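In: just coords:
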């Protein structure tokens, strides 16, 4: 788990080492353990290392292979690298380190770009073939790890994070107003696209690869399509449950491979509880999990005392059952305000709620936990959102089923939860720039391919691949990597994902519950309080309450009164602030929280401008 960057010069000159150093410095938080730069002719590679497998210097990058023909910078984990290493060794390949990085290089040499299909993991990597003078970029199936690129007439550059491009000399920092507008009104539509809030910087989309040969434009193609890998599933419900359990436990087992301490971000919800209970159970039934660290029993719990978002009692039930070391962390809005610019700059995207997970992973790092096994993906795979259940009611196949689903929905929703209720005005009307609406050929092809699926199954596919999950993965990657913490998500094991999408939605919504299959399969290892719980909150700040109380209320109003906000050409600052102030005065937290994406957009542009000025000043540029 690391930060990667690189520059390929079009005119065959050496890339400026200072630019590579600046790019690496801007993403140093992703890899606080080591950093190195390698220049190979007209190509420069930079790496910041977070040492998780083989912490010795033999695992440092950029790493070469094949008598320095291939060079790699890699961010991520290949969880099945031990099995692949054995397969490659049987073919005669030799290894000088104990890392998954070297396995990628050998696999690329053995199988070419088809090696991607061999990998079970999360990644963004760049391989430079010095013989063919070709750059190969790859991003994992579901876009867990980020990768961006920029090109002008002189150079092609790539980086883990957008902020890294600020380190390029003469980089034209310009914001894309249509992308920022899209992030304000529908942040979930940004991450699945190639668009970024900074113009001329693009995102390599999930499951895509990029090939660059000097003198030619980048060739981007889709290497992974979930729909091409759907397996046959059992028709017997007991066998379905048994296979799900096996896949889930194996996904957890692979993700326990680490040479540094592991923890769990435990929200109190079913998904994170399932991951935590599974890895604790694996410790009992499989004490010799290959490459598991000695420390893996800490559970970190975010607490919001006195609010509807507090799930501490549920998390405590999990801790009591497993005997884990529980760390309860009351989150204070004062602390969020103190760090809001750092949080927003690290997040480099818009969201409708402060990214409080930033504070959770900071605490994990302080406590020595470098890896966190979390529950991301469970809601999208198993119909865990209340709006999914609401849609299912409309598409029920009988009145009995409709009535059951209505009750499920009512049991899930707490009127005080974040996201419940409708604002008294539409914030979209205050935007002066219309949002862009990106569409891609593969998205159209996918919609056509699943048009005969049940509407609920179609909705889940959309959530997993095109909306909710990509945005969540972005937010948690930035929040954790801001402190050098790696997140691993067993629900995102590709074998489990394809299995779940091969099943009908009725395995997910059944018997009055969401995530029915997960509950049934893991009932014996979960606390009854978790298995039987029907309410759903989500790990987000109680923003509605915070905005009605000091100090967040004062902070929000003051920021919206600032010159930057009031005169921003993207929105009508004076009118919008007036409406938010009225809502706060009435105690209308639902409407007040609609101001947060605007506030965050203002902070995001401000922090990027300030960082760019610092770098230009250090370089002697205007």
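Out: Structure received. From a predicted model like this one, the values you see are computed outputs, not experimental measurements.

In: Let's see the pLDDT reported for residue 540.
Out: Model confidence at residue 540, expressed as pLDDT, equals 82.

In: please renumber so the chain begins at 179
Out: Okay, using 179 as the starting number, the last item reads as residue 718.

In: so how far is residue 535 from it?
Out: According to C-beta to C-beta, to the nearest Å, residue 718 and residue 535 sit 9 Å apart. C-beta coordinates here come from the backbone N, C-alpha and C atoms, glycine included.

In: Tell me which of those two has more neighbours.
Out: Neighbour comparison, residue 718 and residue 535: the larger count goes to residue 535, with 27 against 20 (by other C-beta atoms under 10 Å).

In: surely that one meets residue 653?
Out: Yes: the criterion here is C-beta atoms under 8 Å, and residue 535 meets it with residue 653 at 7.0 Å.

In: per-residue confidence averaged over stretch 665-683?
Out: Stretch 665-683 comes out at a mean pLDDT of 98.

In: Which residues does stretch 371-382 contact?
Out: 302, 315, 317, 324-330, 340, 343, 350-354, 357-358, 360-361, 368-369, 383, 388, 398, 526-528, 614, 616, 618, 782-783, 786 (C-beta atoms under 8 Å, 6 or more residues apart in numbering).

In: So in this structure, which helix runs the longest?
Out: For the chain, the helix that runs over the most residues, judged by DSSP state H, is helix 774-797.

In: helices or strands up against that one?
Out: Applying 3 or more C-beta pairs under 8 Å, 6 or more residues apart in numbering; DSSP states H and E, we find helix 774-797 packed against helix 195-204, helix 355-363, helix 518-525, helix 730-738, helix 741-744.

In: go with 6 Å
Out: helix 355-363, helix 518-525 (3 or more C-beta pairs under 6 Å, 6 or more residues apart in numbering; DSSP states H and E).

In: Any chance of JSON lines for those helices, columns distance to residue 195?
Out: Listed next are those as JSON lines, based on distance: least, C-beta to C-beta, whole Å:
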{"stretch": "helix 355-363", "distance to residue 195": "32"}
{"stretch": "helix 518-525", "distance to residue 195": "25"}
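
In: Just say which of those is most tucked in.
Out: Across these, the average number of neighbours (mean count of other C-beta atoms under 10 Å) peaks for helix 355-363, which reaches a mean of 22.

In: burial measure for the residue lying closest to residue 671 once chain neighbours are set aside, as a count.
Out: Leaving aside its sequence neighbours, residue 671 sits nearest to residue 429 (C-beta to C-beta, 6 or more residues apart in numbering; 3.5 Å). By the measure other C-beta under 10 Å, the count of residues near residue 429 is 24.

In: What does the pLDDT read for residue 429?
Out: Confidence score, pLDDT, at residue 429: 97.

In: now do residue 332
Out: The model reports residue 332 with a pLDDT of 93.

In: contacting residues for it?
Out: By C-beta atoms under 6 Å, 6 or more residues apart in numbering, the contact set of residue 332 is residue 188.

In: next one: residue 581
Out: Per C-beta under 6 Å, 6+ apart, neighbours of residue 581: none.

In: mean confidence for stretch 700-712?
Out: 96.

In: Sort out which residues of that stretch are buried, please.
Out: Going by neighbour count (16 or more other C-beta atoms under 10 Å), the buried part of stretch 700-712 is 700, 703, 704, 705, 707, 708, 709, 711.

In: would you turn the residues you listed into TSV with distance to residue 739?
Out: TSV is the format used below for the buried residues of stretch 700-712 (distance: C-beta to C-beta, whole Å):
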residue	distance to residue 739
700	50
703	52
704	49
705	48
707	46
708	45
709	49
711	42
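
In: picking up where we left off before, by how many degrees do the longest helix of the chain and helix 518-525 diverge?
Out: Relative orientation of helix 774-797 versus helix 518-525 (axes from the mean of the first three to the mean of the last three C-alpha atoms, to 10 degrees): 80 degrees.

In: Now that residue 574 has come up, it's in contact with residue 584, right?
Out: No: taking C-beta atoms under 6 Å as the definition, residue 574 is not a contact partner of residue 584, at 8.8 Å.

In: Please report phi then psi for residue 703.
Out: Phi and psi for residue 703, reported as degrees, to the nearest 10, are phi -110, psi -10.

In: Also residue 739?
Out: phi -90, psi -10.

In: Quick check: nearest residue in space to it, chain neighbours excluded?
Out: Per C-beta to C-beta, 6+ apart, closest to residue 739 is residue 755, 6.4 Å.

In: What confidence value was assigned to that neighbour?
Out: You'll see residue 755 listed with a pLDDT of 97.

In: Pretty sure residue 303 sits in a helix.
Out: No: under DSSP: H, G, I helix; E, B strand; the rest coil, residue 303 falls outside any helix and is assigned strand.

In: so is residue 215 in a helix, a strand, or just coil?
Out: strand.

In: Tell me how this structure divides into domains.
Out: Taking automatic domain parsing as the reference, the chain has its domains at 180-402, 412-597+624-709, 721-797.

In: Span of the first one from start to end?
Out: Terminal residues of domain 180-402 are spaced 23 Å apart (C-alpha to C-alpha, to the nearest Å).

In: ok, back up a step: of the domains of the chain, which is nearest residue 608?
Out: domain 721-797 (4.4 Å; C-beta to C-beta).

In: ok now the closest one, how far from the chain's centre?
Out: Put simply, domain 721-797 sits 25 Å off its chain's centre (C-alpha atoms, centre = their mean, to the nearest Å).

In: any idea of the mean pLDDT for stretch 523-539?
Out: Rounded mean pLDDT across stretch 523-539 is 93.

In: which other residues reach it?
Out: With C-beta under 6 Å, 6+ apart as the criterion, stretch 523-539 contacts 340-341, 361, 365, 443, 478, 480, 509, 514, 521, 652-654, 656-658, 660-661, 663, 718-719, 721, 774-775, 778-779, 785.

In: just to revisit the earlier point, and residue 607, which of the domains of the chain is closest to it?
Out: So among these, domain 721-797 is nearest, using C-beta to C-beta, at 8.6 Å.

In: could you list every residue that touches residue 311?
Out: Counting by C-beta under 6 Å, 6+ apart, residue 311 makes contact with residue 392.

In: pLDDT score assigned to it?
Out: For residue 311, the predicted pLDDT is 95.

In: how close does it get to residue 186?
Out: The gap separating residue 311 from residue 186 is 9 Å, by C-beta to C-beta.
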